[in-house]
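Participant: I would like the atomic coordinates for the input below:
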Amino acid sequence: MGSVELDPKPARRRWRLHQSALVVLWVVMSMMIWVGLYWYIRRQSIRNVEEGLVSMCEERARMLQDRFAVSVNHVHALAILVSTFHYQKEPAALDQETFADYTARTAFERPLLNGVAYAQRVVHTQRELFEMQQGWVIRTMKREPSPIQDEYAPVIYSQETVSYIEALDMMSGEEDRENILRARATGKAVLTSPFRLLGSNHLGVVLTFPVYREDLAPDVTEEERIEATAGYLGGAFDVESLVENLLSQLAGNPEIIVKVYDVTNASEPLIMYGPDLPDGFPSPSHTSMLDFGDPFRKHNMVCRYSKEPDVPVSALTTASGVFVICMLVGYIVYAAWNRYDNVKEDCRKMEELKKQAEAADVAKSQFLATVSHEIRTPMNGVLGMLDMLLDTKLNSTQQDYAQTAQVCGKTLISLINEVLDRAKIEAGKLELESVPFDLRSILDEVISLSYSKSREKCIELAVYVSDGVPEVLLGDPGRFRQIITNLVGNSIKFTERGHIFVQVHLADHSNLVVEQKPEPKLNGHNDDSIPTAPLSANADFDTLSGYETADKRNTWENFNKFLSLSSHSTQNGSTHNSNSESVTLVVSVEDTGTGIPLHAQSRVFTPFMQADSSTSRNYGGTGIGLSISKCLVELMGGQIWFVSRPGVGSTFTFTAVFQRCERNGAVEMKKDTLDILPSCFRGFHAILVDERPVRAVVTKYHLQRLGISVETVGNIDLGVAALTAEKGRLLSGTKRQCIFLVETDSCSSKNESYSQDQILEGSCNGCKLHLPNLFLLATSELEKERFPGFSDNAFIMKPLKASTVAACLQLALGVDSQNANEDGSNTEGPSSLRSLLVGKKILVVDDNKVNLRVAAGTLKKYGAEVQCVESGKDALALLQVPHKFDACFMDVQMPEMDGFEATRQIRLIEKKANEKVKAGEHGTEDEMAGMDWHLPILAMTADVIQATHEECIKCGMDGYVSKPFEEKQLHQAVAKLWASANS
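Facilitator: Residues are numbered from 1 along each chain as shown. Alright, predicted model coming up:
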């Protein structure tokens, strides 16, 4: 059963509900924090208010007590005064007038008292005498004559403010009588309960002090105090006025209410001062106890605010601020959590997309492998059969048809390779080789592939490599060849006249470095201000062919500077930065074709894009070559750019980084990247007649590669003069062979015909010169008609390359060519491949009968004995140890058992056989004794995906060869196969 993936949507829905619940819970908690903090701050504020109220109330209570105590002391002093001057003086020194005058003058010392008065103690027996002496009758508080009683206390002295109580009996009132009795018994001041004062009708109290006839000892008894009592001094306290005056600062504040109580009877306190308030008044209050000196009576003062304190602003702002902070923190946490969830979800989606992309990549690779295999398999049959057909006897028409079909098939294979290269580049699976190679040989090969088309169009195709460029480099020759082939192929496709010129220079010698690219408007950007030059037949520019070029810097002056720098570095035996292991080359491909339209320059390197819809119809192609070239250049650590002018031409330039490799150390150099030139022309001297200096330098470059010294002149006359000078040196004994080369364009007119004598006509003291070693450099076969007197051997056809020039000279001069390959003959021809395969017994495994015939026919062509089977199982049956096969060519994709599995089974069989041999289980006469079984297996794969090649090696194959077969590729694979088998 397959694994069941749970739908994540219900889980996400539950998580959303939990998340919403957490948000609501956080909001409720934030509100609770707000309420708690609000009540806490408010409570703290009320506590501070209460503490302030307590402080003020206690302070005012102390002030009231202190002031009252001062007044009590003054009353006590008056009592002592009366005792001293009224009773202890004979005669008495005190009367009403004196008492009134004294108390009036000292009233400022008793601000709390309305007035003072003195009442004398009179017993009933003395009443009559007393009334006679005073001249008035003792009266009660109701101003009636006092009834008969044991003792009286009439007022005899009074302050003017209370003169209305004179002659009144203080003991006529019940409470006053009790206070007088307590005062004389204790000897201390006593207070009455609050009552309405006569006159002011204010609440007040009376302070009473006993007055004794003489000073008493501290330890006298109560009876002795009563006996010694002479009278009573009292003071009336107006409590309302007293408290209002004393506590004006506190009571005057409209926000604070002060009340004074007599709490002697706690159950029924008597109010002495203050307004009445309703029950349950909510304002905070404080009660301070008052000690007025009477231990019997108790008083207190209650302070409260007139209204409940306002809510402090800080409680609201602080609580609200904390609430906002909590909400912000919650929002930040929620946002971060939500962001985390989103990122997590994005990561999950990205992981899914990654898996899908990886699956798509695998599917793409499998698709490409399948498509490649399915296309290459029949193409292998087509090209193989055509190759075999061409080896038969055909008439000219049949051979032309077969060759045309073969060219078309190879073109289709090339297109498939380009598409697969693009796919590998996009997948990042294209890797570059790092092997030694000869760059000049690579360029000669590209010239060889393109020479037929250039001759058909009569255009110059030339290559020049600076002397400073090392002979052998370390890099990927195949990919470098692919770039040059793409650029040169495009140039030939779009060029109808003029030239195509490939130059290679060191980056240190070139002004065309990356930092000095052309202006952007000429490098793929549209600019209508750039004029379009018409195609012109007039050639008057100092270039290879005389036609104008797109890049103005590719002039003779700059080219000559390159030559000077290269020559200087070569003479010094070194190049710039020779100590560096890397070499940066600047390669440019210049043409004088139609150019790239301005509107299309921005998409030149876009895959499958061409200038317009007519391009592919008129010129062919898919528009993928330049995009692949750009990717390859970037893989080589370089950059590519171009300059193009419509109607003038285009110049593509790129840089590439290679590693240095000494020629002597390049032992492992691939043979297909090395062109060994003959050494038989060393010591030859050539006189080159060419009116175009750039073209003369190119010709000189190829001749110097053969060891020929070259002297260039601009016209025939100068050539004859140089030839005369050379003849003089020959007469003087200098031994060197001289050849004379003339560019056909250097003759006076292209419409005239010339014989050899006409060309060499010249005057040197009236003598006619004759030179047998005369060669003409021609671009097309049509130019031969202008020179009827010359044999075909006298023409060297362009494009030039060193090996072609050498072959022409050898044929014309009859030079011995045995030294043409001093290191040995070519090792990659049919004879070499035959030497590898002749007599070998090879098993070919392929499920396609056509491919079996092609493979068998190809191998038999080179002398191999071939046996064919159509499945992996049949191959296993034939390859059971022991067997007589020398190698096996195994197809990869086959039904029932593919080539990978068949190879694994073969290696397993060989492993078991080798283990038995090592264990000595075979006798000495057994044919398996002493043998180490390992059959060389070569994969025949129709796809060129890297993963397929890796799988071939992984399963135990020794190599692989791509379908359709090519002789060079087959030779390399077989040579490597035998080398590994021998090792």
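Participant: show me where the stretch 751-900 of the chain has strands.
Facilitator: Per DSSP state E, counting those that start in this stretch, the stretch 751-900 of the chain carries strands over the ranges 774-778, 795-797, 841-845, 865-869, 887-891.
Participant: likewise for the stretch 351-500 of the chain?
Facilitator: So, for the stretch 351-500 of the chain - with DSSP E, counting those that start in this stretch - the strands run 435-438, 460-465, 472-475, 499-506.
Participant: show the average pLDDT along the third one.
Facilitator: The one in question is strand 472-475. Averaged across strand 472-475, the pLDDT comes to 90.
Participant: and the helix or strand hosting residue 348, how far out from the chain's middle?
Facilitator: Assessed by DSSP states H and E, residue 348 sits inside helix 313-390. Here the centre of helix 313-390 is set off from its chain's centre by 17 Å, with C-alpha atoms, centre = their mean, to the nearest Å.
Participant: tell me the angle it makes with strand 887-891.
Facilitator: 120 degrees (axes from the mean of the first three to the mean of the last three C-alpha atoms, to 10 degrees).
Participant: which elements pack onto helix 313-390?
Facilitator: Under the contact definition 3 or more C-beta pairs under 8 Å, 6 or more residues apart in numbering; DSSP states H and E, helix 313-390 sits against helix 8-82, helix 396-426, helix 849-861, helix 946-954. (Glycine included, C-beta is placed from N, CA and C.)
Participant: let's go with 6 Å and repeat that
Facilitator: When contacts are defined as 3 or more C-beta pairs under 6 Å, 6 or more residues apart in numbering; DSSP states H and E, helix 313-390 packs onto helix 8-82, helix 396-426, helix 849-861.
Participant: quick one, what contacts residue 910?
Facilitator: residue 933 (C-beta atoms under 6 Å, 6 or more residues apart in numbering).
Participant: so which residues of the stretch 201-350 of the chain form strands?
Facilitator: Using DSSP E, counting those that start in this stretch, strands in the stretch 201-350 of the chain cover 203-212, 229-238, 256-262, 270-273, 285-290, 299-305.
Participant: same list, these, but as CSV with mean pLDDT and mean neighbour count please.
Facilitator: Output for the strands of the stretch 201-350 of the chain, formatted as CSV (pLDDT from 0 to 100; neighbours: other C-beta atoms under 10 Å):
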stretch, mean pLDDT, mean neighbour count
strand 203-212, 86, 24
strand 229-238, 87, 25
strand 256-262, 83, 22
strand 270-273, 83, 19
strand 285-290, 86, 17
strand 299-305, 85, 21
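Participant: quick revisit: is it possible to get TSV of the strands of the stretch 351-500 of the chain that adds distance to residue 165 and mean neighbour count?
Facilitator: Shown next, in TSV, are those (distance: least, C-beta to C-beta, whole Å; neighbours: other C-beta atoms under 10 Å):
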stretch	distance to residue 165	mean neighbour count
strand 435-438	142	21
strand 460-465	147	24
strand 472-475	138	22
strand 499-506	138	24
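Participant: wait, which of these is closest to residue 738?
Facilitator: strand 460-465 (24.3 Å; C-beta to C-beta).
Participant: what's the single longest strand in this structure?
Facilitator: In the chain, taking DSSP state E as the definition, the longest strand is strand 649-660.
Participant: that one: what's the following helix or strand?
Facilitator: strand 685-689.
Participant: name the element residue 939 belongs to?
Facilitator: Going by DSSP H and E, residue 939 is part of strand 937-941.
Participant: how about low-confidence regions in the stretch 51-200 of the chain?
Facilitator: Confidence mapping of the stretch 51-200 of the chain against pLDDT under 70 gives the ranges 198-199.
Participant: residue boundaries of the helices in it?
Facilitator: 96-105, 127-134, 174-186 (DSSP state H, counting those that start in this stretch).
Participant: out of those helices, deepest packed?
Facilitator: helix 174-186 (a mean of 18; mean count of other C-beta atoms under 10 Å).
Participant: contact partners of it?
Facilitator: 153, 170-171, 190, 192, 208, 210, 222, 226, 229, 232.
Participant: next one: residue 92 from residue 58, what distance?
Facilitator: Note on residue 92: its distance to residue 58, by C-beta to C-beta, to the nearest Å, is 46 Å.
Participant: quick one: name whatever helix or strand follows the least confident helix or strand in the chain by mean pLDDT.
Facilitator: The helix or strand with the lowest mean pLDDT-type score in the chain, counting by mean pLDDT, DSSP states H and E, is helix 613-619 (a mean of 51). Downstream of helix 613-619, the first helix or strand assigned by DSSP H and E is helix 625-635.
Participant: that's all I had, so thanks and see you.
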